[in-house]
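Participant: this one's structure only:
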């Protein structure tokens, strides 16, 4: 349609006739997540030959989508949702032994390594007692194992626990918490560690009091008596208690 712009997701391992419908739906969903602004992005068509998914962007959203894609292409300060969508698409391509690329009109913007990407060797697993701090954003189950998701910054840790612990955890949903238990870790060639599983055996709610208020309270409690000096021994005793 007049004023629209088109983006194309090209995948080399399939044709429109060979790709399973459910898999095609996942690629279309991932492509929509990559472009963002879902209310202005529409499915166009499947081009013949190798699989090519065409998306149409309304004229009103062209600058926003273009900026999002260009920032991702140039490794700029793009939204985390765009980075996650890129990774999800690349993971699917690797699973399907495929590579891909995104085009705007006839211009190639970037490629997905897919099957050609370097995969780091994982060493381990290493099982070790430890703790995780973050916000509990989900707790639920479909079987005997209760799933608990702990969000720490941009990372979400997927944990499991027992029904007994889950009942105690439930009132702390969406609150800061420290979970204690046993983690199963894998070490990458680069030296980083990946948490594969964490079994929660106990937890501690964390204080939500802002740091500024904590220091203000300490300052008030440790202030010397009016018209005098605090005894150094008394000061050390109070610091130990705090």
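Facilitator: Structure received. Keep in mind it's a predicted model, so treat the numbers as computed, not measured.
Participant: Give me the mean pLDDT for the lengthiest strand in the chain.
Facilitator: Longest strand of the chain, by residue count under DSSP state E: strand 122-141. Computed over strand 122-141, the mean pLDDT rounds to 87.
Participant: So what are the sheet partners of that strand and their directions?
Facilitator: Applying DSSP bridges to the sheet, strand 122-141 is found paired with strand 146-152 (antiparallel), strand 176-188 (antiparallel).
Participant: Nearest to residue 66, out of the ones you listed?
Facilitator: strand 146-152 (31.0 Å; C-beta to C-beta). Placement of C-beta: from N, CA and C, glycine included.
Participant: show me where the chain has helices.
Facilitator: Taking DSSP state H as the criterion, the chain carries its helices at 21-35, 62-73, 80-95, 163-169, 211-221, 232-241.
Participant: among those helices, which is nearest residue 127?
Facilitator: helix 163-169 (18.7 Å).
Participant: what's in contact with the closest one?
Facilitator: 136, 139, 141, 144, 146, 148, 161, 177, 200, 201, 202, 203 (C-beta atoms under 8 Å, 6 or more residues apart in numbering).
Participant: Okay, domains of the protein per the record?
Facilitator: 5-116, 122-205, 211-241 (automatic domain parsing).
Participant: Residue 46: which of the helices of the chain is closest?
Facilitator: That would be helix 21-35 among these, by C-beta to C-beta, at 8.1 Å.
Participant: How about the contacts made by residue 41?
Facilitator: Counting by C-beta under 8 Å, 6+ apart, residue 41 makes contact with 32, 35, 55, 56, 57, 58, 61, 65.
Participant: Just flag the most distant two among those.
Facilitator: 32 and 58 (13.3 Å).
Participant: if we can go back for a sec, take the strands paired with strand 122-141 and lay them out in TSV including mean neighbour count, distance to residue 111 and mean pLDDT.
Facilitator: Putting these into TSV (neighbours: other C-beta atoms under 10 Å; distance: least, C-beta to C-beta, whole Å; pLDDT from 0 to 100) gives the following:
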stretch	mean neighbour count	distance to residue 111	mean pLDDT
strand 146-152	18	31	90
strand 176-188	17	23	90
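Participant: re earlier: only whichever of the contacts of helix 163-169 are buried, select them in ChimeraX.
Facilitator: The following ChimeraX line selects those of those that are buried, judged by 16 or more other C-beta atoms under 10 Å:
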select :136,139,146,148,161,177,200,203
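Participant: And the contacts of helix 163-169, which two are furthest apart?
Facilitator: Most distant of the contacts of helix 163-169, by C-beta to C-beta, are 144 and 177, 22.3 Å apart.
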